[in-house]
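Engineer: below is the sequence, then the predicted model.
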Amino acid sequence: MQISDVLRGKADQAVVTIAPGAGVRDLLALLAEHNIGAVVVSPDGETIAGIVSERDVVRRLHADGTVINNVVSAIMTSAVRTCSPGDDLDAVLGIMTAGRFRHIPVCDGPTCVGIVSIGDLVKHKIDQLQFERDQLDQYVHQT
């Protein structure tokens, strides 16, 4: 199973981005509007400058309480791990688990073509395992 399989299975494949200079209030509005947990920070809508998640907001709020008055670039994670559409799902799950993050942008060269969450990957894996189980069950009952 590859990351491209997961992207194809997502209902909404759009990559939600925000400019590094946007306000945190704008970020919060985007997260709420799209019912998502992370947004790719991009100066041009294609390249990645960082990623900012609900967790980043909460940690900054806990650290100094001034998160709302900041710009996105002040709270984003700038060292972003990415994957490509051809990467193995299990390998990406391992990277996300080891790095303790829940969202990873999917890049085809320098262009961000999607974003997947650990929940997306787990759901896809469970769906695949259920399909295989059903196929084996059907095979056993036919013989």
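Structural biologist: Received the coordinates, thanks.

Engineer: quick check on S84: phi, psi?
Structural biologist: The phi/psi pair for S84 (degrees, to the nearest 10) reads phi -110, psi 160.

Engineer: for it, give me its contacts.
Structural biologist: Residues near S84 by Cβ atoms under 8 Å, 6 or more residues apart in numbering: I3, V106, C107, D108. The way it works is simple: take the backbone N, C-alpha and C, and place the C-beta from them, glycine included.

Engineer: of those, buried ones?
Structural biologist: I3, V106, C107 (16 or more other Cβ atoms under 10 Å).

Engineer: so which of those residues are in helices?
Structural biologist: If you go by DSSP state H, those have I3 in helices.

Engineer: hmm, back to that, just the contacts of S84 now: which is nearest M76?
Structural biologist: C107 (16.6 Å; Cβ to Cβ).

Engineer: what score does that closest one have for pLDDT?
Structural biologist: pLDDT for C107: 94.

Engineer: hang on, isn't it packed against T47?
Structural biologist: No - between C107 and T47 there is no contact under Cβ atoms under 8 Å: 9.3 Å.

Engineer: bridging residues for the residue most central in space within the chain?
Structural biologist: A centroid search over the chain (Cα atoms, centre = their mean) returns H103, at 3.0 Å, as the residue closest to the centre. Beta-bridge pairing of H103 under DSSP bridges involves S117.

Engineer: start at 120 instead
Structural biologist: Renumbered: residue one is now 120, and that last one reads H222.

Engineer: so it makes contact with G238?
Structural biologist: No - the pair H222 and G238 fails to qualify as a contact (Cβ under 8 Å) at a distance of 9.5 Å.

Engineer: which residues are in contact with both of the two?
Structural biologist: Jointly contacting H222 and G238 under the rule Cβ under 8 Å, 6+ apart is no residue at all.

Engineer: buried ones in the helix or strand bottoming out on mean pLDDT in the chain?
Structural biologist: The least trusted helix or strand in the chain, going by mean pLDDT, DSSP states H and E, turns out to be helix 173-183, with a mean of 85. The neighbour-count check on helix 173-183 (16+ other Cβ under 10 Å) flags E173, D175, V176, R179 as buried.
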